[in-house]
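Peer 1: attaching a predicted model along with its sequence, questions to come.
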Amino acid sequence: MFDCTIGAAKGVREQLLENERAILVHVFFSQQKDLDNIEECRQLAASAQVDVVEVLTTSRSAPQAKYYLGEGKAEEVAEAVKLHNADIVLVNHILSAAQNRNLERLCGCRVIDRTTLILDIFAQRARSHEGKLQVELAQLKHISTRLIRGWTHLERQKGGIGLRGPGETQLETDRRLIKVRLSQLQAKLAKVTQQRNLNRRTRQKAEIPTLSLVGYTNAGKSTLFNALTTAEVYAADQLFATLDPTLRKLNIDNVGTTIVADTVGFIRHLPHDLVEAFKSTLQETTEATLLLHVIDASDERRQENIEAVNSVLEEIAAENVPVLLVFNKIDQCENVAPHIEYDDQNKPSAVYLSAQHGDGIDLLLEAVRQRLENQILRLQLLLPITEGKVRHLFYQNHYIQTENITENGEFFVTLQIDSNKWQQLTAHYPDLINYIK
């Protein structure tokens with residue numbers, strides 16, 4: 001029976017153990033063989049503390065229905081498992097439950113697909129109460145769709161006293177217990193999310209800008225976060241070193257106090273269940289004033305990484321949040337000095353730096369200052385007496401810096417407001433444009 005009291009780090013039955021031996025399998029679906037994709041999977045395996053003893057590849061025009069990789073190659077994988085005495089087979093793709101089950105039967109060992117591998121790494125990295133809840137939620141959602149194993153105990157249970165009849169199958173029992181646990185997790189996360197939203201609304205009312213670090217995993221976000229805030233967030237040269245979000249204050253000239261948020265890294269084919277489970281955490285990104293998109297400048301696949309991050313940003317509805325590109329690790333590039341790039345409107349669009357060595361951090365702060373200054377509007381309005389509702393709204397959100405009442409009883413106010421918020425207000429109250437002085 002499925003244990004409904006299971007913890008976050010044990011949420012998946014295929015939980016990986018340290019130093020397990022694995023056969024890595026990858027299928028090429030185009031003429032151009034993407035070897036970097038295999039290397040990334042190797043890094044994922046290393047992050048999960050699994051030793052890859054052999055890599056097997058094959059080419060196909062489309063996935064095979066039974067094994068995903070074709071019967072001949074599947075048998076070759078099974079032979080490699082016996083040869084190396086491997087514990088698991090890592091498939092660098094997303095398998096269906098049936099394909100997963102068929103491969104396990106053939107190979108005689110556990111089969112882990114890319115989604116399960118990433119979920120396992122997240123389970124290892126989760127440290128905070130919220131992080132553990134989110135990971136377990138994602139894991140349970142994942143396995144709830146895969147409870148069609150060829151278990152030997154799926155026969156009908158016999159009813160006890162007062163419960164005569166066919167009873168439930170073990171499969172039905174597991175599904176029911178998972179459903180109960182999912183409800184418990186969602187209720188707990190709702191409370192944590194409520195507190196996070198309260199803190200966020202408090203910052204928004206005080207008009208404190210938020211900078212959210214986003215980027216592909218291992219791009220150097222935590223190293224940059226530490227360089228900006230003198231924090232001591234765990235930073236390492238490994239995938240998903242950071243999982244739990246961290247927020248710190250940062251003072252920027254002519255802007256004042258800002259909040260910097262270090263968030264989880266993104267990756268290609270990030271499991272949808274994981275994105276859903278981490279939505280409350282990722283909301284720091286969706287509601288940020290400015291996104292600092294950190295990019296590993298030394299990575300040959302940086303453009304693909306940028307597109308992968310943009311895809312996740314779109315999935316969490318953050319594609320319209322203003323972005324400043326931060327090309328990190330220039331110390332690993334040739335003839336690249338710290339500098340700021342500007343767009344056609346003379347606004348900073350990209351900064352090149354080395355967070356590890358601290359080169360260009362001052363340029364990043366200058367670029368952020370320019371971007372935030374452009375986004376924080378200072379307006380003077382003459383509000384008629386009839387606009388008491390709007391005036392109350394200004395005070396409620398702490399937009400008003402100064403106010404004087406004229407002889408006619410009008411309100412002459414000076415506002416400090418985020419440009420996006422101003423656009424939203426003018427959409428609801430078009431007459432505000434006419435009150436600007």
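Peer 2: Here it is on my side, so go on. Residues are numbered from 1 along each chain as shown.
Peer 1: show me where the chain has strands.
Peer 2: Counting by DSSP state E, the chain has these strands, from start to end: 20-28, 50-59, 88-91, 110-113, 210-215, 246-252, 256-262, 290-296, 323-328, 339-342, 348-352, 376-383, 400-405, 411-418.
Peer 1: note down every partner strand of the third one and its orientation.
Peer 2: In this case it means strand 88-91. strand 20-28 (parallel), strand 110-113 (parallel) (DSSP bridges).
Peer 1: what's the closest of the strands of the chain to residue 172?
Peer 2: strand 110-113 (24.2 Å; CB to CB). To be clear about C-beta, it is placed using only N, CA and C from the backbone, and glycine gets the same treatment.
Peer 1: would you mind writing the CA trace of that closest one as PDB?
Peer 2: Provided in PDB are the C-alpha atoms of strand 110-113 (Å, rounded to 0.1, in the frame of the first residue of the first chain):
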ATOM      1  CA  ARG A 110      14.400   0.500 -12.300                       C
ATOM      2  CA  VAL A 111      13.900   2.900 -15.200                       C
ATOM      3  CA  ILE A 112      14.000   6.700 -14.500                       C
ATOM      4  CA  ASP A 113      13.000   9.200 -17.100                       C
END
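Peer 1: can you list contacts of it?
Peer 2: Strand 110-113 has contacts (CB atoms under 8 Å, 6 or more residues apart in numbering) with 14, 16, 22, 87-91, 93-95, 100, 103-104, 120.
Peer 1: one more time with 10 Å, if that's ok
Peer 2: Residues from elsewhere that reach strand 110-113 (CB atoms under 10 Å, 6 or more residues apart in numbering): 12-16, 20, 22-23, 25, 45, 48, 50, 67-68, 77, 81, 86-96, 99-105, 116, 119-120, 142, 146, 271.
Peer 1: filter the residues you listed down to the buried ones, PyMOL style.
Peer 2: Applied in PyMOL, the following selects the buried portion of the contacts of strand 110-113 according to 16 or more other CB atoms under 10 Å:
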select buried, resi 12+14+15+16+20+22+23+25+45+48+50+67+68+77+81+86+87+88+89+90+91+92+93+95+99+100+101+102+103+104+116+119+120+142+146+271
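Peer 1: surely residue 250 touches residue 260?
Peer 2: Yes: using CB atoms under 10 Å, residue 250 makes contact with residue 260 at a distance of 5.0 Å.
Peer 1: common neighbours of the two, please.
Peer 2: With CB under 10 Å, 6+ apart, residue 250 and residue 260 have common neighbours 209, 211, 225, 228, 229, 231, 368.
Peer 1: are any of those buried, and which?
Peer 2: 209, 211, 225, 228, 229, 231, 368.
Peer 1: okay, those residues in TSV with distance to residue 125 and pLDDT next?
Peer 2: Output for these, formatted as TSV (distance: CB to CB, whole Å; pLDDT from 0 to 100):
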residue	distance to residue 125	pLDDT
209	28	84
211	23	92
225	16	90
228	22	90
229	21	86
231	17	62
368	28	93
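Peer 1: and these, which is closest to residue 138?
Peer 2: For those, the nearest to residue 138 is residue 225 (23.9 Å; CB to CB).
Peer 1: show me what contacts the nearest residue to residue 253 once chain neighbours are set aside?
Peer 2: Among residues not flanking residue 253 along the chain, residue 369 sits closest, at 5.9 Å (CB to CB, 6 or more residues apart in numbering). Residue 369 is in contact with 252, 253, 254, 255, 258, 348, counting by CB under 10 Å, 6+ apart.
Peer 1: and the two most separated of the residues you listed?
Peer 2: Using CB to CB, the pair of the contacts of residue 369 lying farthest apart is 258 and 348, separated by 15.5 Å.
Peer 1: show residues contacting stretch 390-408.
Peer 2: 204-208, 377-385, 387, 410-418, 421-422, 425, 428-429, 431-432, 435.
Peer 1: does residue 432 touch residue 383 like I think?
Peer 2: Yes: contact criterion CB under 10 Å: residue 432 and residue 383 qualify, at 8.8 Å.
Peer 1: avg pLDDT for the lengthiest helix in the chain?
Peer 2: In the chain, with assignment by DSSP state H, the single longest helix is helix 170-205. Mean per-residue pLDDT for helix 170-205: 77.
Peer 1: one more: stretch 246-258?
Peer 2: 82.
Peer 1: how close does residue 286 get to residue 375?
Peer 2: 16 Å (CB to CB, to the nearest Å).
Peer 1: the more surrounded of the two?
Peer 2: Taking other CB atoms under 10 Å, residue 286 and residue 375 do not tie; residue 375 has more neighbours (19 against 16).
Peer 1: out of the strands paired with strand 88-91, which is closest to residue 334?
Peer 2: strand 20-28 (30.7 Å).
Peer 1: and that closest one, average pLDDT?
Peer 2: According to the model, strand 20-28 has a mean pLDDT of 93.
Peer 1: could you give the angle of it to strand 50-59?
Peer 2: For strand 20-28 against strand 50-59, the angle by axes from the mean of the first three to the mean of the last three CA atoms, to 10 degrees is 20 degrees.
Peer 1: got the CA coordinates for strand 20-28 in CSV?
Peer 2: What follows is strand 20-28 as a C-alpha-only set of coordinates in CSV (Å, rounded to 0.1, in the frame of the first residue of the first chain):
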residue,chain,number,x,y,z
GLU,A,20,23.9,3.9,-7.8
ARG,A,21,25.3,2.7,-11.2
ALA,A,22,23.3,3.8,-14.2
ILE,A,23,23.0,3.3,-18.0
LEU,A,24,22.2,6.6,-19.7
VAL,A,25,20.0,6.3,-22.8
HIS,A,26,19.4,9.1,-25.4
VAL,A,27,17.5,9.1,-28.7
PHE,A,28,18.4,11.5,-31.5
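Peer 1: OK, contacts around residue 183?
Peer 2: Contacts of residue 183 (CB under 10 Å, 6+ apart): none.
Peer 1: try residue 44
Peer 2: Here residue 44 is in contact with 24, 50, 52, 90, 92, 114, 117-118, 120-121, 217, 238-240, 267 (CB under 10 Å, 6+ apart).
Peer 1: please redo it, this time with the cut-off set to 8 Å
Peer 2: So, once contact is read as CB under 8 Å, 6+ apart, residue 44 ends up touching 114, 117, 118, 121, 239.
Peer 1: so for it, what's the pLDDT?
Peer 2: 86.
Peer 1: what's the answer for residue 159, then?
Peer 2: 44.
Peer 1: circling back to that earlier point, any chance of the strands paired with strand 88-91 in CSV, with distance to residue 364 too?
Peer 2: Shown next, in CSV, are the strands paired with strand 88-91 (distance: least, CB to CB, whole Å):
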stretch, distance to residue 364
strand 20-28, 37
strand 110-113, 38
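Peer 1: residue 301 is nearest to which of these?
Peer 2: Of these, nearest to residue 301 by CB to CB is strand 20-28, at 15.6 Å.
Peer 1: many thanks, have a good one.
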